[in-house]
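>>> predicted coordinates and the sequence they were generated for:
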Amino acid sequence: MDLFESPATAAKQTPAPLALRMRPRTLEEFVGQDHLVGPGKLLRRAIEADRITSLVLYGPPGCGKTALAHVIANRTKAAVEQVNATAAGVAELREAIAKTKERSRIRGERTILFIDEIHRFNKAQQDVLMPDIESGNPILIGATTFNPFFALLSALVSRSLVCELKPLAKSDIVVLLKRALADKERGLGAMPITVEDKALDHLAAVCDGDARRALNALEVAALTTAKTKGKIQLTLAAVEESIQKKAVVYDRADDAHYDTISAFIKSMRGSDPDATLYWLAKMLYAGEDLRFIARRIVICAAEDVGNADPQALVVATAAMQAAEFVGLPECRIPLAQAAVYIACAPKSNAAYAGIEKAMKDVEEGRVLEVPKHLQDAHYPGAKQLGRGRGYKYAHNYPRHYVDQPYLSEKRIYYEPTELGFEKTIKSWLERLRKPK
């Protein structure tokens, strides 16, 4: 089927999946991505004014990349050529570009060249696009699940507006599911279906922001559930079966959410890697926000491990970046590695306790003046005011240390423990502070 063929027409020719039939036809039907196509946003204004330039639509599966291209194709006065990078080679690409040139020469028409999975094109194929994309005809719309700044030639990216689409929110998925249930022409509205609210909530929660997955699971449930008293009753159990994932009692607004993350953090702090992995698995299965999990791991590395093993924060931060880059399902691996590392590491909250104590002094006590010898002395006239006078440059002394005050009164905030690497830090500080 041609991407830009009417879904209703296609449905008459061959049975099409519900997600394809319900593909939006207008901007008004498009759900989600308000940061790009919300009222007054740049991309929406460009679409409505038919002033589209080359675009790269980047985001996870089912977030609306192809749907948005479909909306643009319906709205624009330009002709459309479609290429799928998984199947097309240089010859097919050159043929599509030749058609755009012929159309422009004979009819004076612009052409949108839509390339799905554009990251699949190698360097040579991307190079073929460059001269014509730079001239503005055809107008490129590329769709990719890969970060275009890594997957595409920098020259191609620089000539395109990169639009990052986000996973759809749970509320967006529910809107799409209800629309499909009500639509008699393209959706399931002609079927005698009743649906439990918790069944829709489950589909919306476990599809990981993927509208295609949610809609197709809904259709499977509707087509395979036997009628009861003339009705197709879609219960939570029915949709669990259709999407092959059971519902876990876990709502981000109720106690299960807070109890689970609390157990996860306390298991890492308590040095129990097995419990840590269980609570992590529960959150991942229930569809918890990956960034939320990663942030908690990073915080635990700094708060509960600290300088007993400084490498814990490095591992946790790397896992956070990997989770963002890799995405589900593989990102569970670096997250698990970091969580287990923290659970097994020696613990110290000395740095955390120190900053808390210092913050309290700043908030509740008199703010200390910066000692004169530490004040900035780089501007003209500073030395006349005595600023910086008497400062001793530590690297000019043995062990790169010199005994001089860095606060206007004696305060101790950081008290290292005897655990892990912090024992080394404690020994070093004691040697430095030992009276001469």
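On my side now, so go ahead.
>>> the helix or strand encompassing R103 - contacts with which helices or strands?
Following DSSP states H and E, one finds R103 within helix 90-107. For helix 90-107, the elements it packs on are strand 79-84, strand 111-116, helix 123-135, judged by 3 or more CB pairs under 8 Å, 6 or more residues apart in numbering; DSSP states H and E. (C-beta placed from N, C-alpha, C; glycine too.)
>>> the ones you listed: which one's closest to R296?
Set against R296 and scored by CB to CB, the helices and strands packed on helix 90-107 come closest in strand 111-116, at 36.4 Å.
>>> run through who's touching that closest one.
Counting contacts by CB atoms under 8 Å, 6 or more residues apart in numbering, the residues outside strand 111-116 that touch it are 3-4, 52, 66, 69, 72-73, 76, 78-86, 96-97, 99-100, 103-104, 121, 137-143.
>>> direction included, what does it pair against?
strand 79-84 (parallel), strand 139-144 (parallel) (DSSP bridges).
>>> tell me where this structure has strands.
For the chain, strands defined by DSSP state E occupy the ranges 55-58, 79-84, 111-116, 139-144, 161-164, 193-195, 232-234.
>>> any buried residues in the fifth one, and which?
Okay, so that is strand 161-164. Going by neighbour count (16 or more other CB atoms under 10 Å), the buried part of strand 161-164 is 162-163.
>>> and P167, what is it in contact with?
Residues touching P167, when contacts are defined by CB under 8 Å, 6+ apart, comprise 59-60, 63, 208-210.
>>> so for stretch 184-204, mean pLDDT?
Across stretch 184-204, the average pLDDT comes to 87.
>>> now do the end-to-end distance for that stretch.
End-to-end distance of stretch 184-204: 21 Å, with CA to CA, to the nearest Å as the criterion.
>>> how far does that stretch sit from its chain's centre?
For stretch 184-204, the distance between its averaged C-alpha position and the chain's averaged C-alpha position is 28 Å (CA atoms, centre = their mean, to the nearest Å).
>>> what's in contact with that stretch?
Under the criterion CB under 8 Å, 6+ apart, external residues in contact with stretch 184-204 comprise 7-8, 11, 18, 21-22, 170-171, 173-174, 177-183, 214, 217-219, 222, 227, 230-236, 238-240, 243, 247.
>>> which secondary element of this structure has the worst mean pLDDT?
Ranking every helix and strand in the chain by mean pLDDT, DSSP states H and E puts helix 7-13 at the bottom, with a mean of 51.
>>> the nearest residue to H70 once chain neighbours are set aside: how many residues sit nearby?
Taking CB to CB, 6 or more residues apart in numbering, and ignoring the residues beside it in sequence, H70 has R23 as its nearest neighbour in space, at 5.6 Å. When neighbours are counted by other CB atoms under 10 Å, R23 registers 22.
>>> do the one 10 residues further on as well
Counted with other CB under 10 Å, the neighbours of Q33 add up to 24.
>>> next one: phi and psi at it?
Main-chain dihedrals, Q33, degrees, to the nearest 10: phi 60, psi 40.
>>> start at 91, not 1
With the count now opening at 91, the last piece we talked about shows up as Q123.
>>> report pLDDT for it.
With respect to pLDDT, Q123 has a value of 89.
>>> for the closest residue to it other than its chain neighbours, which residues are in contact?
Closest residue to Q123 in three dimensions, ignoring its sequence neighbours and counting by CB to CB, 6+ apart: L255, at 5.4 Å. For L255, the residues meeting the contact criterion (CB under 8 Å, 6+ apart) are 123, 126, 147-150, 153-155, 158.
>>> ok, the most centrally placed residue in the chain to E207 distance?
Computing the C-alpha centroid of the chain and ranking residues by CA atoms, centre = their mean puts E414 first, at 5.4 Å. Using CB to CB, to the nearest Å, E414 is found at 21 Å from E207.
>>> same check, this time on Q474
In this structure, Q474 lies at 68 Å from E207, with CB to CB as the measure.
>>> of those two, which one has the most company?
Remark: of Q474 and E207, E207 carries more neighbours, 18 against 8, as counted by other CB under 10 Å.
>>> for the more buried one, what are its contacts?
For E207, the residues meeting the contact criterion (CB under 8 Å, 6+ apart) are 174-176, 233-235.
>>> using PDB, write out every CA atom in stretch 379-386.
Once side chains and other backbone atoms are set aside, the C-alpha atoms of stretch 379-386 remain, and they are given as PDB (Å, rounded to 0.1, in the frame of the first residue of the first chain):
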ATOM      1  CA  ASP A 379       9.800   6.200  33.200                       C
ATOM      2  CA  LEU A 380      13.400   5.100  32.400                       C
ATOM      3  CA  ARG A 381      14.800   8.600  33.200                       C
ATOM      4  CA  PHE A 382      13.100   8.500  36.700                       C
ATOM      5  CA  ILE A 383      14.800   5.100  37.400                       C
ATOM      6  CA  ALA A 384      18.200   6.300  36.100                       C
ATOM      7  CA  ARG A 385      18.000   9.500  38.200                       C
ATOM      8  CA  ARG A 386      17.400   7.500  41.400                       C
END
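>>> pLDDT value on H209, please?
87.
>>> quick check: it touching F239?
No. The pair H209 and F239 does not pass the contact test of CB atoms under 8 Å, sitting 11.2 Å apart.
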